[in-house]
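1. Okay, sequence plus prediction incoming.
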Amino acid sequence: MNWKRISAIGISFLVLMNGCSKSKLDEINTDPTKLTEENFDPNNLLSQAQLKYANLGYYQLLYQSTMMQLFASTYNYYNNGDKYINVGSFTDYQGRIFDEGYKDASYIREMQRLAKLKNPGANQNLIAIGDIMFVLILQRITDTYGDVPYTQAAKAIEGIKFPVYDRQEAIYNQMLNDLETATTQLDSNKPGPTADLFYKGDINKWRKFGYSLMLRIAMRLTKVNPEKAKVWAEKAAGKTFANISDNAILITDASSFESQNGSSLALRTYSDYLEVRWSKTLIDQLRKTNDPRLGVIGEVPNDGLAKSADQNLTGNTDASVQLGLPNGYDLQGGATDISQAPDYPGGTGSGSDFAPLGKYSRPRTNVYLKLGGPIFILSYAETEFLLAEAKVRGWNIEGTAPIHYANGLAGAIQSLAQLDPLATVNATSINHFVSQNLLDESSTEASLNNINTQYWIATGTNFNFIEAWLNWKRSDYPKLVPVNYRGNVTNATIPRRMIYLSTEILNNPQNYRDAVSRMPGGDVLTSRVWWDR
């Protein structure tokens with residue numbers, strides 16, 4: 001990659017938010033020729049990086065949402081994840097987390113440079129939060145691809161245009177150390193960031209975020225280095241999120257196209273709205289346990305409305321009628337046509353090519369398709385599930401595995417109300433569900449299955465599909481059955497990584513080749529990153 005310094009003109013074009021405006025996502029009005037390091041507020045670069053990091057849209061819908069059998073689709077645009085097919089320009093989407101992630105990292109490093117120039121003392125928290133954000137961004141990149149630039153990333157200003165790809169093991173060591181240093185530098189007695197889209201400058205919440213992220217990073221190591229995972233998980237425990245009010249959430253802005261919720265915007269397009277559904281795997285799991293989320297996350301289009309692209313025409317939310325679409329089917333006729341699926345329910349409506357999907361559950365429109373809706377970054381439920389797993393592994397964590405598991409269950413369901421009040425599940429229903437679905441402690445395997453299946457549900461129903469995929473790779477739960485669609489490129493296995501950004505072979509060829517040479521299987525979907533082996 002050929003890293004370029006973010007110039008003053010570039011910053012004026014890229015920055016979308018100003019914390020003092022009527023909306024944190026309003027575009028600033030500044031003459032780009034007059035921006036200097038002295039008069040530009042570095043806080044705006046924090047909000048830019050946060051928005052870009054969170055707002056992925058198709059970058060997670062086309063692959064992780066359907067690979068994880070949280071969504072299913074008959075629309076061929078989704079064949080990449082739903083059916084493991086790599087065709088044409090669609091491979092570009094696989095490199096977007098790489099490309100966009102390093103842009104976000106550049107915003108953070110430029111923000112820190114400006115903050116140090118202006119007033120390092122007054123900006124201590126902003127600088128420390130920048131380091132936390134850098135780790136957050138880079139973890140997603142390395143977990144998606146494997147070896148990637150870290151120590152030399154976003155250092156074009158220092159003359160590093162062709163950064164070396166660090167080994168993932170070294171990246172993890174550095175991320176943990178960097179995160180600990182940054183989190184301990186947070187000072188509640190000093191000013192917080194003024195354009196913070198996660199916590200509005202609340203340093204106490206950022207401290208809990210730092211330790212919750214530390215726990216997540218530590219738990220990624222359970223396959224490859226459980227001893228190190230234990231040390232860092234125990235270090236983070238007791239300082240993580242306390243309840244759902246600590247959830248890291250970014251609220252998007254429906255009034256600005258650049259700041260609308262990308263996933264909601266994508267799903268509102270005609271074919272996506274008509275052909276993307278909750279997966280049979282997810283809906284069946286919710287039904288098996290009488291999960292109250294079944295009646296709030298989905299809707300079945302009303303008869304005669306299956307072909308409508310009007311998102312105001314809400315459907316039937318009754319839990320008893322919800323039906324998941326099986327992955328791996330299409331509308332092309334032949335053996336893989338949805339009409340050939342076992343227990344196919346038939347269609348609704350008339351005169352529509354999409355009527356065959358009319359009885360399958362789509363994401364509830366007035367909960368998930370809001371252009372100004374929230375985006376989940378890291379949640380209390382995820383943290384509690386990881387603490388439950390740490391206890392199952394016998395680590396020195398306060399509390400018991402069943403208590404942490406119950407907290408995770410309750411927190412996951414409560415968090416739906418943060419998507420929209422219509423998704424609120426009353427406390428009585430939540431308590432009853434939790435009491436009827438205690439952690440299975442009959443064996444370690446049973447406990448890990450419970451915990452990580454619920455992690456998958458929690459992240460999936462919050463549209464955090466990449467995290468659902470990453471934790472599935474780490475834990476191997478739930479036990480998903482891959483589809484075997486004609487033309488798949490993975491030998492009918494669920495992809496374990498994404499392919500590097502295609503331009504790397506041209507822009508940073510030697511470092512790219514070195515990284516690929518260290519990867520068993522090469523730069524393909526079926527190779528495994530270091531911690532997944």
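-> That came through fine.
2. Quick one: end-to-end length of stretch 370-385, please.
-> End-to-end distance of stretch 370-385: 28 Å, with C-alpha to C-alpha, to the nearest Å as the criterion.
3. Distance-wise, check the spatially closest residue to Met219 that is not a sequence neighbour relative to Tyr63.
-> In this structure, Met219 finds its nearest non-sequential neighbour in Leu386, 4.9 Å apart by C-beta to C-beta, 6 or more residues apart in numbering. Yep, even glycine has a C-beta here, placed from its N, CA and C like the rest. Applying C-beta to C-beta, to the nearest Å, the value for Leu386 to Tyr63 is 24 Å.
4. Is Gln139 part of a helix or strand, or is it coil?
-> helix (DSSP: H, G, I helix; E, B strand; the rest coil).
5. That one is in contact with Met175, isn't it?
-> Yes - counting by C-beta atoms under 8 Å, Gln139 touches Met175, with 6.2 Å between them.
6. Overlap of the contact sets of those two?
-> Counting by C-beta atoms under 8 Å, 6 or more residues apart in numbering, the residues touching both Gln139 and Met175 are Ile217.
7. The nearest residue to Tyr58 once chain neighbours are set aside: helix or strand, and which one exactly?
-> Once flanking residues are discounted, Tyr58 sits nearest to Ala266: 5.2 Å by C-beta to C-beta, 6+ apart. Element membership for Ala266, per DSSP states H and E: helix 262-267.
8. Show me the helices in the stretch 1-150 of the chain, by range?
-> Assigned by DSSP state H, counting those that start in this stretch, the stretch 1-150 of the chain shows helices spanning 8-14, 43-54, 58-61, 64-67, 79-82, 91-94, 96-118, 124-145.
9. Which residues does the fifth one contact?
-> Counting contacts by C-beta under 8 Å, 6+ apart, the residues outside helix 79-82 that touch it are 61-67, 71-73, 85-87, 90, 93, 327-328, 483, 485, 495.
10. Keep only those of those that are in strands.
-> Phe71, Ala72, Ser73 (DSSP state E).
11. In the stretch 251-400 of the chain, what residue spans correspond to strands?
-> Using DSSP state E, counting those that start in this stretch, the strands of the stretch 251-400 of the chain run over 276-278, 298-299, 362-363, 374-378.
12. by how many degrees do the longest one and helix 43-54 diverge?
-> So the one you mean is strand 374-378. Going by axes from the mean of the first three to the mean of the last three C-alpha atoms, to 10 degrees, strand 374-378 is angled at 90 degrees with respect to helix 43-54.
13. low pLDDT regions in the stretch 51-200 of the chain?
-> 87-90 (pLDDT under 70).
14. Tell me which helix or strand in this protein has the weakest average pLDDT.
-> Lowest on mean pLDDT, DSSP states H and E among the helices and strands of the chain sits helix 8-14, with a mean of 35.
15. what's the closest non-adjacent residue to Val231?
-> According to C-beta to C-beta, 6+ apart, the nearest residue to Val231 is Ala218 (7.7 Å).
16. meant to ask about Leu136, not that
-> Using C-beta to C-beta, 6+ apart, the closest residue to Leu136 is Leu213 (6.1 Å).
17. count of residues packed around the one you found?
-> 25 (other C-beta atoms under 10 Å).
18. likewise Asp343?
-> 7.
19. swap in Met133?
-> Neighbour tally, Met133, other C-beta under 10 Å: 25.
20. Would you indicate which residues of whichever strand or helix holds Val516 are buried?
-> Assigned by DSSP H and E, Val516 belongs to helix 509-517. Using 16 or more other C-beta atoms under 10 Å as the test for burial, helix 509-517 gives Asn511, Tyr512, Ala515, Val516.
21. Check these against Ala458 and report the nearest one.
-> Comparing the buried residues of helix 509-517 against Ala458 with C-beta to C-beta places Ala515 closest, at 32.5 Å.
22. does Glu382 really touch Met219, like I thought?
-> No - applying C-beta under 8 Å, one finds Glu382 not in contact with Met219, separated by 9.8 Å.
23. follow-up on the earlier one: contacting residues for the residue nearest to Tyr58?
-> So Ala266 contacts Gly57, Tyr58, Leu61, Asp272 (C-beta under 8 Å, 6+ apart).
24. Next: Gly238.
-> So Gly238 contacts Glu398 (C-beta under 8 Å, 6+ apart).
25. so where's the stretch 201-350 of the chain uncertain?
-> 303-312, 347-350.
26. run the last query once more with 50
-> 348-350 (pLDDT under 50).
27. need the helices for it, in chain order.
-> With DSSP H, counting those that start in this stretch as the criterion, the stretch 201-350 of the chain has helices at 203-219, 226-236, 262-267, 270-275, 280-288, 294-297.
28. Next, the buried residues of the fifth one.
-> The one in question is helix 280-288. Lys280, Thr281, Leu282, Ile283, Gln285, Leu286.
29. buried set for stretch 477-491?
-> Tyr477, Pro478, Leu480, Pro482, Val483, Tyr485, Asn488, Thr490.
30. Which one of these is nearest to Pro345?
-> Val483 (19.5 Å).
31. quick one, what contacts the residue nearest to that closest one when sequence neighbours are not counted?
-> Spatially, and ignoring its direct neighbours in sequence, Val483 is nearest to Gly328 (3.2 Å; C-beta to C-beta, 6+ apart). When contacts are counted by C-beta under 8 Å, 6+ apart, Gly328 touches Ala72, Asp82, Lys83, Thr336, Val483, Asn484, Tyr485.
32. of the residues you listed, closest to Val425?
-> Looking across the contacts of Gly328 and measuring by C-beta to C-beta, the closest to Val425 is Ala72, at 24.1 Å.
33. hey, what's the closest one bridged with?
-> Beta bridges link Ala72 to Arg277 when assigned by DSSP bridges.
34. pretty sure it is touching Lys83, no?
-> No - Ala72 sits out of contact with Lys83 when judged by C-beta under 8 Å, with a separation of 10.0 Å.
35. and for the two, which residues touch both?
-> By C-beta under 8 Å, 6+ apart, the residues touching both Ala72 and Lys83 are Asn327, Gly328.
36. So if I had to pick from those two, which one is more boxed in?
-> Per other C-beta under 10 Å, whichever of Ala72 and Lys83 has more neighbours is Ala72, with 30 against 27.
37. Okay, that one and Leu282: tell me how far apart.
-> 9 Å.
38. Could you do Gln48 as well?
-> Note on Gln48: its distance to Leu282, by C-beta to C-beta, is 33 Å.
39. and the gap between Asp41 and Met111?
-> Taken as C-beta to C-beta, the span from Asp41 to Met111 is 10 Å.
40. Just want to know which of these two has more residues nearby.
-> The neighbour comparison of Asp41 against Met111 (other C-beta under 10 Å) goes to Met111, with 30 against 19.
41. and the residue lying closest to that one once chain neighbours are set aside, how many neighbours does it have?
-> Using C-beta to C-beta, 6+ apart and skipping the chain neighbours, the partner closest in space to Met111 is Leu45 (3.7 Å). Burial measure for Leu45: 29 neighbouring residues, criterion other C-beta under 10 Å.
42. Do I have it right that Leu45 meets Ser106?
-> No - Leu45 lies out of contact with Ser106 (C-beta under 8 Å); the separation is 9.2 Å.
43. rewinding a little: can you select the buried ones from the contacts of helix 79-82 in ChimeraX?
-> The ChimeraX command for the buried members of the contacts of helix 79-82 (criterion: 16+ other C-beta under 10 Å) is given here:
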select :61,62,63,64,65,66,67,71,72,73,85,86,90,93,327,328,483,485,495
